[in-house]
Structure formats: structure tokens, C-alpha cells
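Colleague: Sharing a model prediction with you, sequence too.
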2 protein chains.
Amino acid sequence: MPPNSSSDSLFTDLYQLTMAQSYYQSGQTERATFSLFFRNFPTKRAYYVFCGLESAVEYLENLEFFEEDIDSLDSLGIFDAEFLGYLGKLRFTGDVRAMREGEVFFENEPVMEVSGPIIECQLVETFLLNRVNLESMLATKAARVVDAAAGRSVVDFATRRTHGLDAGMKQARSSYIAGFDGTSNVAAATEFGIPAVGTMSHSFISSFGDEREAFRAYAKSFPDSSTLLVDTYDTLGGVANAIATAKDMEAGGHRLRAIRLDSGDLESLARSSRAMLDESGLDYVQILASGGLDEYPISDLLKSEAPIDGFGVGTRVGASADAPYTDFVYKLVEYDGKPIMKLSEDKVNLPGAKQVSRHIGFDGTMRLDMIHRADEYASGRGGEPLLLPMMENGERTRALPSLDEIRTFHSRRAAMLPSGLQGPEPEGRYRVRVSDHLAELREETMERIRASGSG
Amino acid sequence: MPPNSSSDSLFTDLYQLTMAQSYYQSGQTERATFSLFFRNFPTKRAYYVFCGLESAVEYLENLEFFEEDIDSLDSLGIFDAEFLGYLGKLRFTGDVRAMREGEVFFENEPVMEVSGPIIECQLVETFLLNRVNLESMLATKAARVVDAAAGRSVVDFATRRTHGLDAGMKQARSSYIAGFDGTSNVAAATEFGIPAVGTMSHSFISSFGDEREAFRAYAKSFPDSSTLLVDTYDTLGGVANAIATAKDMEAGGHRLRAIRLDSGDLESLARSSRAMLDESGLDYVQILASGGLDEYPISDLLKSEAPIDGFGVGTRVGASADAPYTDFVYKLVEYDGKPIMKLSEDKVNLPGAKQVSRHIGFDGTMRLDMIHRADEYASGRGGEPLLLPMMENGERTRALPSLDEIRTFHSRRAAMLPSGLQGPEPEGRYRVRVSDHLAELREETMERIRASGSG
């Protein structure tokens, strides 16, 4: 499993290390704060779900360049021996404030802020961005699917089509946080304690040649947990074979759990299948649909009231196909006590360490988020603070929640989203404001940078 | 690094294991052949590049369920003790025929065929698909970028935006195979022996406050390998500061390597920068462009003759943003000596073990690929056979090539592609034919399935 290095410390961009050497050699080693945020969401995304905190904290706690890592760096021929000696002793000694995993957030809100000696905070950029980009993207896509499924069961079948093994594992975890009911990924199911789910493939049925015989063999092996795939030959013929199998199972005191439709016009096939099952007294047999699904077709199927009890989603969800990357950035906002920002006409840049407060209406719906200066908020301004201290001086300051706790937290937050932000094609935008104090700081910082001539 | 299991064997879909138990219990354990192929390419993709063979072979060689894996499976409560005992002793004992890594291939061509006891061949589907899907997708996107860059240098800056760590490592490897010149990913560079490349970030410059001072510090640390990022404040002001730095470097007997443009109108900024550099006698300083690039904007920049010497590509390339998943499938094509196919009106299904032969014109350009029955081809039919024996009875039958050998092979193959298939918006399709013998087998198989009543 890559990377083969015994530590994750080399999973970084080369420039993090060359800049570190230059910071080190020029004595540019004061305390800094970096802010991790997402400026512009892709179209059709009115909110994102924050995930990746656990990965980030575990990485920071264990950050260390092993001897073989230092040897690898030395072999590149651009690093100084003294600097490599320093790197061999480096650990992360800084602070992390972050939103809780499973939180919903909006454009320009910092989801994580990292403070400490600038070299440590700079070095970790690549890894932290990779984690938060991946896990938040997957959780967000999955949350949209859960929303579209409107209470029907959804399970993760993406393992073969995620971008690699790491993504396959995180897809199972992130989609479970978002509300999926299970995953087909056995490694993820056993590692994270997520329900493992599965049916059968067309190959299984083809190998028997006879569909009925294949169903019989499978039902014999799994008398209480069989889902039969009915579209290998003719779908409704397959349903008839599944019904015959279910009747045999009943005779033995067992029940067929479900049939799975994996191709064709899912709406009309679901209706016909439901009718056939009900006419045979098999109203307890569920109908599972799969095949190229994500929030858009699921929403359409449910609008047309297709009698589908659950969805298996794979390719398009595991690749977040309609928004296949996330543009989180990690920007220096303070160095040696001085607020920093990049001057740019078209980009929102907020200097200094920050806090985000969330204001909830009487009906329990989110109304407004406010981005503050961190020190301003500390003096008390109402609303719920979203950035919580997660690490101080390189150590965890709070126990991370269990996966089920994160899932419950996310579900609570998703329920508080204004309805216009939900659905595959959300209308409107959530209101995020910058506090007066932060706006003043931005003006002052802009003036200072312009006056210094660097702007 | 996930999966945490000591083996990769649990990185599979649950149904592979439930089907395995059912195959086992019903004595359905004869020899099978599965074919891995890609039916319909996304729009704008006229060819794909096959990658993932090395990962696949290493996985198959080491396939084993460790005691802790068996315990994990046992804890799911659906597997029979006898079957788990069998699984603990299972190894891959089959054969693999595949294209070479770096090969270009077309729709419906098998890139890999796996033969052996059906349980072994079925179990490995998920992992093999995940590897080949990921690595071929990344190599293909990168090959298109290399093609668009028309000889300019291209380097991989995608590490922070790939879907996870595994994808970040494979992005570096696959893009190097496709012809990239280096990667910013230090773990990948040191593991695979790819040149490590990097510049500096906006944060580095912001921390100094003064751009000139930041350039000076960096140039002092890297007197012979500096690339200065010039767009933190005002881009052409940044170029002026880079020129002053380059002059200081010259005084010390060193040379600035390049400047990097990362935002704005890259074409006009490149022209202005080139003029300023040349007027200052710095014609040796290269211009590197980055920021949201992939084959489409690169092609446009070069059409307008922007004086750019190299490109750094990240987000859109590392996520294969315009085609973010690949639809390889792994289908049973033969069981117990009998050819198998799925009856479907809209899908090409080719039964039995196959071979692909490639026919080259006198000018060295690829003309036609032909898909044959494997046994038919063995009797000799001209053209170059693309599927080579890689494993027999679970053991490698040939040494896998080095990364540089794969890169050279790919470059040779890419040069043989008909010109209409190249470029961001290819015209036309490559000709792939089914041999008469294979077409006959398809007819016979279809007849047999219909006659048996399963169809």
C-alpha cells in the first residue's frame, strides 16, 4: 500500500521542504497561523460537509521524519546537512482549531486553523489539504444522495471505482457519516465497524448458466440474507425466478430479503416487479435499485413514486462525478503577530486567526454564520462557535468522537439546513457575514501592505 | 495508511466473498476466464493508456487471507467455518494475460484476462478493477496533457488534490509513464525514482512581507535551482523583483532557473515577462505557468504562441476532471470450458478467452486492431499480439519492466497513434474489428443461451 515510506512525512510537495530549508537558513522561524477554507463551491453545491479531521489529527500527532526519510531527502542533493539534522528532530508542536467532523459549512468559512512555528505549519499543508479535500468531497456528495433518497436506504457500492484504495476506504467512512446504511467494502466495514452489505454479480449467475439454479445455490448458502440480482437475462423473467426461489425459501422457513434491479428503466421495472411480488404474497421482499445512480436520478425516481426501497450507489458517487475535486486552500493569515492577506480583487481574503459563529432561528433552522476575528469572538458575541480547540502544543485537547457519534452529529446538522439549500438543485445561498471587527482588520491590513509597497 | 489490515485481501466487495461461499458450497469450482475491458470511452477520449499491471501482479502474487482477516470475516456472522478454513489456505493459482503497461488501447479490447479456479478469479475483481480504473484514468489524462504541451515540459503538482494518498502516489507514477518530467510529490519521487520538482508558495512570500527579501532568501538557499513565484502581489512587479534577484545571483556566479506565473491572463503575462527578462539579458530564465491547467487551456496557450517553457498541472489533471471515472468491467467469458456472454442489445459482449492483434501501416502508424479468439490467434494471424502471458499458475512468467522502460514504451506507442486521435478534441475513431472466428463463436454462444431458455 503506497506510500511505502514507514512514515507519512514525505507525502508532501517538494516546495514545502525547500521553503522550510529557506525559512530555517534565513531565521524566518516565528509563529504563524494558516487557515484552511474553500472559496467558491461548484455549481449546485450550497453546502459542504467537513470531514478529514481525524486523519489530520492522527497525522499531526505522528509527524516525524524517520532515518530512511532523511536519507531519501539527502539523496535529492539539494538539502543542507544541518537542515536535515533539524528535520530529523522536528515534531508538530502547534495548535489546531477546527470544526467537528460532520459539520456543514459554507464558502469562505475556515474549517481548520493551524498555528505554530511557521516551518511545522507550512510542511503539513499538502497532507492536510489532501485529506480534507478528499473526505469532505466524498461526504458532501454522499449527503446529497441521502437527502435525495428521502429516507430510503442507501448503500456504498463504489469500491471498484474510487480513485484508489485510500479513496475506497474513505468513501465508506465518509458516506456512512453522511447517512449511508452500509458499504460493500469489506476492509472498511471491518475496520470502521460499518455494516457490510452485498448481493451477487451477473458473473455468478452466468457461471451457472441457469438463473433459477444460481438463485437456489445462493439462497441455500444465505437463507436469511439473500438479495437476488434479477437482470442478467430478461429482468421480469428474473423476477419470476426470484419469486419461485422465495417460495422455496418460505417452505424451508426462510425469507428472501430483496431483489436488485441493475439496468433498464428502473421506474417501470420497479413497478412491475412490485406488482409481481405482491401478487405472490411476497410484500416483504424489498426492491433495491442500482446502476449509474447518484442524487439526480434518485430524486427523479422518487418524484415518480417508483416503489424502490433502497439504492446501491457506486461510480458517480465514489468519484463525486459532477464535482470531482474540491478547492480547499491553506493560506497564511498571520506571521509573528502580524495579520497577513493576499491582495486580490476577485478573491475574499480574511487576515488573522478567526472564529465562525452560527446563529439558529427559533424554528431550529440555521439563519446566518458570522466570521469573526478569533480574539473578538473570545470576548463573547452570541451564536455557537464552530471552531473548537482540537490540539494544543502538538497534543490532542479533546477525545475525537466515534464514527457513530459523528454520524449522529451530521444528521442533526443536516436537519437544521434551510430547505432551499437541500436537494440536487438548491436555490439560494446561505448567508455568511464578516463581522465589523474583522472587516476593519481587513482594511487596516490592506492599507499596511499597500503602504509597505509590496502590494 | 488504509487499509489497516496487514493484507489487501479484504479490499473487496462483500459479494465476492458471499458468492465464493456459495460457489464453494454448491461445488461450482471449475476453471473460469474473466476479461477486463472498457466498453464506451467518455467523449473526447479516442484512446486510453493501460496502467495498473504492476499493482495487479503484485496483489495476485501476495493474495492471502491472514488470520486477522479470517477473524474479521468470522465476526460478520454470515460465513461458514469450513469455508473460512478454505479461504485461509487460498492463494491465487491462475494465469494472467495482459497488455504491457503504457500500451494504448481502444473500446471493447480486453486489456487483461484472468483464468483459474472461479473462486480465485472472482474474488480479485474489486481490487483489480480499482487499480486498473485509477491508474489507466490518470495515465490517459496525463498523456493528453503531454500531447497538448507539444514538447514543453510538464510536471505534476496534483498531490494536494488527488483523491487521497494512494491516488497521489499513482498520479505521480502514471503521469511519469505518460511523459511528465517530474512530480512535486516527494514520497513518489523517492519511491519511484522520478525527478522531484518544486518552486515556492504565496505563503512563503507573504510571511516575509517584502517580495524582494523573500526571493533573496530563497535564492540564497537554492542558488542553482530557484524558480521564483511572481504573482503574490502585482505580477509584473514580481517579474521586476525576480530580475533584480537574478542579477544579484549572476554577480555571485549563479543563475535563476525560472519564474512561475500562477494566475491572471497567462498568455499576456508570459509575453510581458519574456520581454522584460530578455531586455535584462536573462534569456536563459524560463517561464513556468500553472493554475487550473489541463490539456484544454494548454492547447489554447500554445496555439496563441505564448512564450511558456513549461507547465505545472494539478487539480484538474489529478482528478481527471473532465472524465473523473473509468468504466472498466470484469466479465466472466468462459466457465468449465464453455464460452459465456451476457445477452444485451446495446452492449458488445464477446465470449471466450481472447487475443488482440495490432496492425501497423508502412508509415509506422497504427491502422487497425483485431479482437480474436485466443486459440485462433495462437495459430498465427499476423499483426502484433497485445495480450502477453504475465502470470502462469500464480507465478510471474516475465520480469516486469522498470518505470523508465514503461515510459519509453508508452512514448513509442503514443507516436504511432493516428493524428486524428490526438489533441484535446480528437476527430474520428480508431478501427477495431472482431475476427470472423470470434463473430461465429458469438453467434453460437447466443444460440446456445437462447436454446437453454435462460435468455
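Modeller: Looks like it came in fine.
Colleague: So the residue located most distally from the centre of chain A versus B:Ala251, what's the distance?
Modeller: When each C-alpha in chain A is compared with the mean C-alpha position (C-alpha atoms, centre = their mean), A:Ala251 comes out farthest, at 44.9 Å. A:Ala251 sits at a distance of 94 Å from B:Ala251 (criterion: C-beta to C-beta, to the nearest Å). All C-beta atoms are positioned from the backbone trio N, CA, C, and that covers glycine.
Colleague: hmm, who's touching the helix or strand in which A:Ser268 is found?
Modeller: A:Ser268 belongs to helix A:266-279 when assigned by DSSP states H and E. Counting by C-beta atoms under 8 Å, 6 or more residues apart in numbering or on different chains, the neighbours of helix A:266-279 from elsewhere in the structure are A:230-231, A:235-236, A:239-240, A:243, A:259, A:261, A:283, A:285, A:287, A:289, A:291, A:297, A:301, A:304, A:306-308.
Colleague: make it 6 Å
Modeller: A:Thr235, A:Leu236, A:Val239, A:Leu261, A:Val285, A:Ile287, A:Ala289, A:Leu301, A:Ser304, A:Ala306, A:Pro307, A:Ile308 (C-beta atoms under 6 Å, 6 or more residues apart in numbering or on different chains).
Colleague: beta partners for A:Met366?
Modeller: Note on A:Met366: beta-bridge partners by DSSP bridges are A:Ile360.
Colleague: Next, count neighbours for it.
Modeller: Neighbours of A:Met366 under the rule other C-beta atoms under 10 Å in any protein chain shown: 20.
Colleague: what's the weakest-modelled helix or strand in chain A?
Modeller: helix A:374-378 (a mean of 80; mean pLDDT, DSSP states H and E).
Colleague: Tell me the spacing between A:Ser22 and B:Gly209.
Modeller: Computed with C-beta to C-beta, the distance linking A:Ser22 and B:Gly209 is 15 Å.
Colleague: Comparing the two, which shows the higher neighbour count?
Modeller: A:Ser22 (25 against 16).
Colleague: residues contacting that one?
Modeller: B:Ala217, B:Tyr218, B:Ser221.
Colleague: now the last one: how far from chain A?
Modeller: From B:Ser221 across to chain A, the span is 4 Å (C-beta to the nearest C-beta, to the nearest Å).
Colleague: Test my guess that that residue contacts A:Ala20.
Modeller: No - checked against C-beta atoms under 6 Å, the pair B:Ser221 and A:Ala20 is beyond contact range at 9.7 Å.
Colleague: Contact partners for A:Ala196?
Modeller: Here A:Ala196 is in contact with A:Val186, A:Ala189, B:Leu14, B:Leu76 (C-beta under 6 Å, 6+ apart).
Colleague: tell me the phi and psi of it?
Modeller: phi -90, psi 130 (degrees, to the nearest 10).
Colleague: One more: A:Ser402?
Modeller: Main-chain dihedrals, A:Ser402, degrees, to the nearest 10: phi -70, psi 170.
Colleague: Test for you: state the pLDDT assigned to it.
Modeller: As summarised for this prediction, A:Ser402 has a pLDDT of 98.
Colleague: before we move on, what about A:Arg450?
Modeller: What the model reports for A:Arg450 is a pLDDT of 82.
Colleague: so A:Tyr325 sits in a strand?
Modeller: No - residue assignment for A:Tyr325, taken from DSSP: H, G, I helix; E, B strand; the rest coil, gives coil, which places it outside any strand.
Colleague: so A:Ala32, which of the three states?
Modeller: Three-state assignment for A:Ala32 (three-state DSSP): strand.
Colleague: The one 3 residues further on now?
Modeller: Counting by three-state DSSP, the backbone at A:Ser35 sits in strand.
Colleague: Any idea what it is bridged to?
Modeller: Bridge pairing for A:Ser35 (DSSP bridges) gives the partners A:Glu113, A:Lys331.
Colleague: neighbouring strands for whichever helix or strand comes after the least confident helix or strand of chain A, and are they parallel or not?
Modeller: The C-terminal neighbour of helix A:374-378 among helices and strands, as given by DSSP H and E, is strand A:384-385. Based on DSSP bridges, the strands next to strand A:384-385 in the sheet, each with its direction, are strand A:354-360 (antiparallel).
Colleague: Residues contacting the strand it pairs with, please?
Modeller: Residues outside strand A:354-360 that contact it (C-beta under 6 Å, 6+ apart): A:109-110, A:366-372, A:374, A:377, A:383-387.
Colleague: between these, which is nearest chain B?
Modeller: When the contacts of strand A:354-360 are ranked by distance to chain B (C-beta to the nearest C-beta), A:Pro110 comes first, at 15.0 Å.
Colleague: residues contacting the closest one?
Modeller: For A:Pro110, the set of contacting residues under the criterion of C-beta under 6 Å, 6+ apart consists of A:Ser35, A:Phe37, A:Lys354.
Colleague: hmm, 7 Å instead?
Modeller: By C-beta atoms under 7 Å, 6 or more residues apart in numbering or on different chains, A:Pro110 lies in contact with A:Ser35, A:Leu36, A:Phe37, A:Lys354, A:Val356, A:Leu387.
Colleague: now these as TSV including pLDDT, neighbour count and distance to A:Ser201?
Modeller: Formatted as TSV, the contacts of A:Pro110 follow (pLDDT from 0 to 100; neighbours: other C-beta atoms under 10 Å in any protein chain shown; distance: C-beta to C-beta, whole Å):
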residue	pLDDT	neighbour count	distance to A:Ser201
A:Ser35	98	27	46
A:Leu36	98	24	41
A:Phe37	98	25	42
A:Lys354	96	27	50
A:Val356	97	25	46
A:Leu387	97	25	46
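Colleague: Now the two most distant members of those residues.
Modeller: By the measure C-beta to C-beta, these have their two most distant members at A:Leu36 and A:Val356, which lie 12.3 Å apart.
Colleague: can you list the residues that contact stretch A:122-133?
Modeller: Contact with stretch A:122-133 is made by A:8, A:11-13, A:16, A:19-20, A:36, A:52, A:55-56, A:59-60, A:63, A:92, A:111-112, A:114, A:326, A:328, A:330, B:159-162, B:164-165, B:168, B:203, as judged by C-beta under 7 Å, 6+ apart.
Colleague: Out of these, which end up buried?
Modeller: Neighbour-count burial (16 or more other C-beta atoms under 10 Å in any protein chain shown) applied to the contacts of stretch A:122-133 gives A:8, A:11-13, A:16, A:19-20, A:36, A:52, A:55-56, A:59-60, A:63, A:92, A:111-112, A:114, A:326, A:328, A:330, B:159-162, B:164-165, B:168, B:203.
Colleague: got TSV for the contacts of helix A:266-279, with pLDDT too?
Modeller: Supplementary listing: the contacts of helix A:266-279 in TSV, determined by pLDDT from 0 to 100:
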residue	pLDDT
A:Thr235	96
A:Leu236	97
A:Val239	98
A:Leu261	97
A:Val285	98
A:Ile287	98
A:Ala289	98
A:Leu301	98
A:Ser304	97
A:Ala306	98
A:Pro307	98
A:Ile308	98
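Colleague: Now, those residues that are in helices?
Modeller: If you go by DSSP state H, these have A:Thr235, A:Leu236, A:Val239, A:Leu301 in helices.
Colleague: residues touching the first one, list them.
Modeller: Contacts for A:Thr235 were tallied using C-beta under 7 Å, 6+ apart; they are A:Leu261, A:Gly264, A:Leu269.
Colleague: re earlier: buried subset of the ones in helices among the contacts of helix A:266-279, written for ChimeraX?
Modeller: Applying 16+ other C-beta under 10 Å to these, the buried members can be selected in ChimeraX as follows:
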select /A:235,239,301
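Colleague: and which of the ones in helices among the contacts of helix A:266-279 is nearest to chain B?
Modeller: Nearest to chain B among the ones in helices among the contacts of helix A:266-279, counting by C-beta to the nearest C-beta, is A:Thr235 at 11.4 Å.
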